[in-house]
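Q: Got a sequence here, can you model it:
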Amino acid sequence: MDEIWSDTPSGGDFPCPSNQEGQTARQARQPISGTYVGQHGSRRLELRIDLREPDPPGPYSPLNLISGDLFQEVGGEWEYRSSFLVEHPYVHWGTDRVIITGTMSSLRHLEPAPAGHETASRQVLRITIPVYTPQEPPAPAMVEILHWGTYRSTFLCDRVSAFFRTIELEIDRITGTELPRPFNTQAVATRPADLPAFDLDIVRAYQRAGVDLHLLSDEEVFAPAEAGSDLTWTEDELHNAMQHHFSLWRDEPQWKLYLLIATHFCLYPQSLVTGIMYDSQSRDPDDPYPRQGAAVFYSTMKLAEVWGNLPSAEFDRNFLRTCVHELGHALNLLHSFDKDRPASLSWMNYPWRYPYGYNLPPGWDGTQQFWRNCRFEFDLEELRHLRHHALLEVIPGGAAFGALGHDLPAPVPASLQQLAQAPLALYVRTRPERYLFQFAEPVTVELKLKNQGQRPVIVPNMLNPECGLLQLYIRDPRGQVRLYRPLFKLCGQGQTTELPAGEKLYASVFLAYGADGFYFQEPGEYQIWAVYGAGGVRLRSNALRIRVAFPQTAGEEEMALWTFGPDQGHVLYMQGAPHLDEGNEQLREVAERFPDTNLARYIHLCFGYSQAHQFKDLVAGRVRPAQPEAAIQELEQAVSFPPKAKQSALDNITHGGAVDLLYELYRQADQPMRARSLLTETVRYFKRLEVRPEVIAELRDRAKAIEVGESR
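A: Take a look at the predicted model:
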């Protein structure tokens with residue numbers, strides 16, 4: 001007869017048996033928590049048991065949950081079908097076996113009730129695990145699923161790991177960078193007073209979360225002299241590295257991750273980006289496997305204005321936090337403040353934002369307060385996600401970043417007005433002003449943040465949805481509201497600027513493509529608005545109304561087929577991606593067959609930017625040099641007006657950026673007359689559009705400098 005230690009839900013304590021025999025049995029038991037795998041006919045079960053028990057199975061804290069994934073054999077391969085969760089399992093501890101029972105809740109595609117059994121809408125899980133000593137080989141667990149009270153599935157499952165997920169991690173390091181060094185928690189002065197001493201590195205940080213991370217390789221790569229001393233990395237270069245230098249990369253969901261330790265991101269020095277999860281593309285049928293890689297920027301972290309002046313142990317701590325944080329994004333974890341948990345003491349929070357998140361008071365830096373309380377762990381909701389959420393919500397190559405398993409903040413209602421006390425006003429508009437976009441034309445909008453108060457205001461120096469302070473929402477012609485999700489998630493130190501009273505901050509945002517694919521494929525009316533949170537305020541912009549025209553010819557329909565693909569979307573989003581051959585070929589065909597469209601001019605812009613800059617090819621270990629002559633030809637077509645049009649196909653900020661680059665290329669090619677003509681034409685165009693006087697004055701001064709021979 002069994003001797004019961006506990007016959008209460010697993011959240012309770014474990015009373016000791018009253019006799020010495022029971023005490024001996026307790027000391028001899030092996031842990032039962034971990035991952036179990038079994039098969040029943042053509043079905044496979046991966047089970048995760050996460051219970052509080054007398055002898056902890058690993059370096060993690062239990063959550064008292066049971067979860068699992070079910071697979072079906074199809075054509076000799078296991079095809080994922082569903083996931084389930086058992087909360088508050090009932091645990092019967094005996095001297096020879098442990099019995100766990102509970103009701104299964106659906107996480108994804110749980111088998112529906114058969115007809116006539118809808119009222120008994122539950123499936124019950126029963127697990128029987130034999131007790132064995134450390135000297136004995138473990139016996140399989142018997143797992144029974146009772147379906148709607150009518151039939152039973154039984155699996156014999158072997159315990160394959162003490163952890164709940166197992167992930168293989170491949171790391172590449174650019175020459176001159178380092179892996180984060182292990183550090184001891186007692187080596188940093190700012191820490192919780194009762195924090196015990198233990199060593200931490202990337203592997204152990206995830207083991208403390210119940211995830212067994214296997215570091216497969218640490219390879220130093222790429223140091224050609226022609227790459228330049230600053231060695232900044234663009235989004236397209238990072239994307240190429242992940243897809244082609246990641247030796248484990250496959251077109252399928254898999255428990256494998258890639259981390260590149262690079263030097264600087266391309267926005268340096270304007271923005272001090274320390275990390276990026278750069279593979280968040282959409283669940284497109286042709287490219288359905290996002291979140292497989294991340295990068296961190298070692299040289300940026302070593303800057304004095306970031307962490308370069310910190311004691312070595314504190315730098316090691318911050319470097320490790322950045323790596324753990326970015327890999328967390330690749331496992332579909334959002335920032336703590338994006339989940340309305342700004343006071344979370346998690347790897348996924350920003351220390352300097354603690355505990356206010358988006359409502360950061362002016363001048364606030366919560367870094368010291370964060371580290372005085374941080375225990376180097378994920379919070380409970382994140383642990384629940386990592387260990388027990390549905391397979392596709394967690395596994396790299398699964399659901400798109402932020403999709404499923406997260407309660408994203410609800411879109412701000414269109415009726416919500418800006419905060420009356422806020423000194424800032426936010427506007428979304430098109431410049432030049434226009435409300436009709438051609439079919440398949442990339443949609444870009446201009447953002448304006450204005451200080452309408454009487455005093456200067458400290459604001460972020462960039463209005464960029466990739467940085468997280470700004471969200472844009474799109475209501476499509478069917479009335480569905482979607483949060484625009486950029487392809488890349490940038491993390492870094494918050495850089496700010498002082499916005500004087502009456503002054504404005506501007507930005508151009510490309511909205512046509514993002515993590516959910518193309519956002520404006522359907523003709524009809526759209527509404528676009530932005531929500532901004534910083535400096536202790538949260539405000540909403542106006543709602544901009546635009547229309548996407550219906551295709552007028554069969555040729556335009558064909559143009560859309562060539563444009564609306566994932567590679568093409570990446571090229572347009574990144575304004576050039578030389579490694580995406582198929583996407584470039586399709587867009588080149590569009591530009592040649594439909595040269596008078598606004599889309600064609602945006603394609604020329606992307607090709608021009610791509611040709612104007614070198615491309616660091618991590619796969620080939622070389623740098624493709626810039627091709628300035630080809631870039632000039634592309635950019636000249638990009639800034640030219642379409643036939644019969646009185647304005648550029650590009651928005652004002654994008655047009656101005658293209659003009660600046662073309663001007664520099666003319667100067668480098670020793671063509672001052674063409675440079676002066678370009679600036680003079682741009683001055684006339686911007687004056688007609690009533691662009692800000694200071695922009696026009698700067699262009700005019702540059703043109704005059706060329707005229708008198710002061711600039712070549």
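Q: Give me the pLDDT for the closest residue to Tyr663 other than its chain neighbours.
A: Residue nearest to Tyr663 in three dimensions, not counting chain neighbours: Ala675, with 5.2 Å by C-beta to C-beta, 6 or more residues apart in numbering. Where C-beta positions appear, they are placed from N, C-alpha and C, glycine not excepted. Looking at Ala675, its pLDDT stands at 94.
Q: tell me which element Ala675 falls in.
A: Element membership of Ala675, judged by DSSP states H and E, is helix 672-688.
Q: What are the buried residues along that helix?
A: By neighbour count, and taking 16 or more other C-beta atoms under 10 Å as the criterion, the buried residues in helix 672-688 are 672, 674-676, 678-680, 682-683, 685-686.
Q: Also stretch 325-340?
A: Along stretch 325-340, the positions that meet the burial threshold by neighbour count (16+ other C-beta under 10 Å) are 325-339.
Q: Show me how far that stretch is from its chain's centre.
A: Taking the mean of its C-alpha atoms, stretch 325-340 sits 8 Å from the chain's own mean (C-alpha atoms, centre = their mean, to the nearest Å).
Q: what's the average pLDDT for it?
A: Throughout stretch 325-340, pLDDT has a mean value of 90.
Q: now could you export just the CA positions of it as CSV?
A: Once side chains and other backbone atoms are set aside, the C-alpha atoms of stretch 325-340 remain, and they are given as CSV (Å, rounded to 0.1, in the frame of the first residue of the first chain):
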residue,chain,number,x,y,z
HIS,A,325,17.8,39.7,-23.7
GLU,A,326,18.2,39.4,-27.5
LEU,A,327,18.0,35.6,-27.4
GLY,A,328,14.8,36.1,-25.4
HIS,A,329,13.4,38.1,-28.2
ALA,A,330,14.2,35.2,-30.6
LEU,A,331,12.1,33.0,-28.3
ASN,A,332,9.2,35.4,-28.7
LEU,A,333,9.6,37.4,-25.5
LEU,A,334,8.6,41.0,-25.7
HIS,A,335,10.0,43.8,-23.6
SER,A,336,8.6,43.9,-20.1
PHE,A,337,7.2,47.4,-20.6
ASP,A,338,5.5,46.2,-23.8
LYS,A,339,3.5,43.8,-21.7
ASP,A,340,2.4,46.4,-19.1
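Q: Surely Arg538 touches Gln471?
A: No. At 10.6 Å, Arg538 and Gln471 do not qualify as touching, with contact defined as C-beta atoms under 8 Å.
Q: Overlap in contacts, those two.
A: Val531 (C-beta atoms under 8 Å, 6 or more residues apart in numbering).
Q: Show me the chain divided up by domain.
A: Using automatic domain parsing, the domains assigned to the chain come out as 20-161, 165-394, 424-548, 554-669.
Q: circling back to that earlier point, need the buried residues of helix 672-688 in CSV with distance to Gln586, can you?
A: Compiled in CSV, these are given as follows (distance: C-beta to C-beta, whole Å):
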residue, distance to Gln586
Pro672, 37
Arg674, 31
Ala675, 33
Arg676, 37
Leu678, 30
Leu679, 34
Thr680, 36
Thr682, 31
Val683, 36
Tyr685, 31
Phe686, 33
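Q: any idea which of those residues is closest to Leu125?
A: Nearest to Leu125 among those: Phe686, at 67.4 Å, using C-beta to C-beta.
Q: excluding its backbone neighbours, what's nearest the closest one?
A: With C-beta to C-beta, 6+ apart as the measure, Ile696 is the residue that lies nearest to Phe686, at 5.3 Å, once sequence neighbours are left out.
Q: Show residues contacting the helix or strand that contains Val695.
A: For Val695, the host element (DSSP H and E) is helix 693-707. The set of residues external to helix 693-707 that reach it, using C-beta under 8 Å, 6+ apart, is 656, 659, 663, 672, 675-676, 679-680, 682-683, 686-687, 711-712.
Q: can I get those residues in CSV with distance to Glu144?
A: What follows is the contacts of helix 693-707, written out as CSV (distance: C-beta to C-beta, whole Å):
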residue, distance to Glu144
Gly656, 68
Val659, 70
Tyr663, 73
Pro672, 83
Ala675, 78
Arg676, 82
Leu679, 77
Thr680, 81
Thr682, 74
Val683, 79
Phe686, 73
Lys687, 78
Ser711, 81
Arg712, 82
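Q: Closest to Tyr80 out of the residues you listed?
A: Checking the contacts of helix 693-707 against Tyr80 with C-beta to C-beta, the nearest one is Gly656 at 48.4 Å.
Q: And the contacts of the strand or helix carrying that closest one?
A: Remark: Gly656 resides in helix 652-668, with elements defined by DSSP H and E. Contact partners of helix 652-668, identified using C-beta under 8 Å, 6+ apart, comprise 431-432, 444, 446, 506-508, 605, 608-609, 612, 628, 631-632, 635-636, 638-639, 648, 650, 672, 674-675, 678-679, 682, 686, 689, 691, 695, 699, 702, 711-712.
Q: And these, which of them are buried?
A: Using 16+ other C-beta under 10 Å as the burial test, the contacts of helix 652-668 include 431-432, 444, 446, 506, 508, 605, 608-609, 612, 628, 631-632, 635-636, 638-639, 648, 650, 672, 674-675, 678-679, 682, 686, 689, 691, 695, 699, 702, 711 as buried.
Q: Return the closest of the buried residues of stretch 325-340 with respect to Val459.
A: Relative to Val459, the closest of the buried residues of stretch 325-340 is Phe337; by C-beta to C-beta it sits at 17.2 Å.
Q: Now do the contacts for the closest one.
A: Shown in contact with Phe337 (C-beta under 8 Å, 6+ apart): 349-350, 353, 357-358.
Q: Compare Arg538 and Gln471 and say which one has the larger neighbour count.
A: Gln471 (21 against 17; other C-beta atoms under 10 Å).
Q: Verify the stated contact: Trp562 with Glu585.
A: No. In this structure Trp562 lies outside contact range of Glu585 using C-beta under 8 Å: 9.4 Å.
Q: of the two, who's got more company?
A: Comparing Trp562 with Glu585 by other C-beta under 10 Å, the one with more neighbours is Trp562, at 18 against 13.
Q: tell me the pLDDT at the nearest residue to the more buried one once chain neighbours are set aside?
A: The shortest distance from Trp562 to any residue that is not its chain neighbour, by C-beta to C-beta, 6+ apart, is 4.7 Å, and that residue is Gln586. For Gln586, the pLDDT comes out at 95.
Q: Only alpha carbons, please: show the strand or helix carrying Gln586 as PDB.
A: Secondary structure here is read from DSSP H and E; on that basis Gln586 sits in helix 581-593. Listed in PDB are the C-alpha atoms of helix 581-593, where the atom choice follows Å, rounded to 0.1, in the frame of the first residue of the first chain:
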ATOM      1  CA  ASP A 581      18.900  37.700 -55.600                       C
ATOM      2  CA  GLU A 582      15.300  36.500 -56.400                       C
ATOM      3  CA  GLY A 583      13.800  39.600 -54.800                       C
ATOM      4  CA  ASN A 584      16.100  41.900 -56.600                       C
ATOM      5  CA  GLU A 585      15.400  40.300 -60.000                       C
ATOM      6  CA  GLN A 586      11.600  40.500 -59.500                       C
ATOM      7  CA  LEU A 587      11.800  44.200 -58.600                       C
ATOM      8  CA  ARG A 588      14.200  44.900 -61.400                       C
ATOM      9  CA  GLU A 589      11.600  43.400 -63.800                       C
ATOM     10  CA  VAL A 590       8.900  45.600 -62.200                       C
ATOM     11  CA  ALA A 591      11.000  48.800 -62.600                       C
ATOM     12  CA  GLU A 592      11.700  48.000 -66.300                       C
ATOM     13  CA  ARG A 593       8.200  47.000 -67.300                       C
END
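Q: Please spell out which residues along it are buried.
A: Going by neighbour count (16+ other C-beta under 10 Å), the buried part of helix 581-593 is 583-584, 586-587, 590-591.
Q: How about stretch 86-103?
A: Taking 16+ other C-beta under 10 Å as the basis for neighbour counts, the residues of stretch 86-103 that come out buried are 86-87, 89, 91-95, 97-103.
Q: repeat for stretch 204-215
A: Of the residues in stretch 204-215, those scored as buried under the neighbour-count criterion (16+ other C-beta under 10 Å) are 205-213.
Q: distance of Ser247 from Ala241?
A: The span separating Ser247 from Ala241 equals 12 Å under the rule C-beta to C-beta, to the nearest Å.
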